[in-house]
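Take this sequence and fold it.
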Amino acid sequence: MVHQHNHQSSQDSWWRSPAKIALFVFLAIAAFFLITEHLAHLAGILPYLLLLACPFMHLFMHGGHGGHGGHNDGNNRSSR
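Model prediction:
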């Protein structure tokens, strides 16, 4: 006796139900408006965030005050 299960139709019916399609359309519209409204608020403070990032970039990219070149600690002896 051979049993065949058709899983394709059960998966297709989940996507094709009118309630699910309406839910996905509603969520897409809500996400679009939430993103556009929050970007409008964040765009006003973006220049201040860039200015605030400058000191942090200076500290972390130099590795503190020891990251500058030109320091001789005596371990590197040059021959004369």
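
for the chain, longest helix please?
Longest helix in the chain by number of residues (criterion: DSSP state H): helix 18-62.

Provide a list of residue ranges in this structure with pLDDT below threshold.
Within the chain, the stretches with pLDDT under 70 are 1-14, 63-80.

And residue 59, how far from residue 26?
Separation of residue 59 from residue 26 (CB to CB, to the nearest Å): 46 Å. For glycine as for every other residue, the C-beta is placed from the backbone atoms N, C-alpha and C.

go on, residue 20?
According to CB to CB, residue 20 and residue 26 sit 11 Å apart.

how many neighbours does residue 43 have?
Neighbour count for residue 43, taken as other CB atoms under 10 Å: 9.

Same check on the one 5 residues further on?
Counted with other CB under 10 Å, residues neighbouring residue 48 total 9.

Also residue 53?
Other residues near residue 53 come to 10 when the count uses other CB under 10 Å.

quick one, phi psi at residue 17?
For residue 17, the backbone dihedrals (degrees, to the nearest 10) come out as phi -70, psi 140.

List the buried residues for stretch 42-54?
By neighbour count with 16 or more other CB atoms under 10 Å, stretch 42-54 contains no buried residues.
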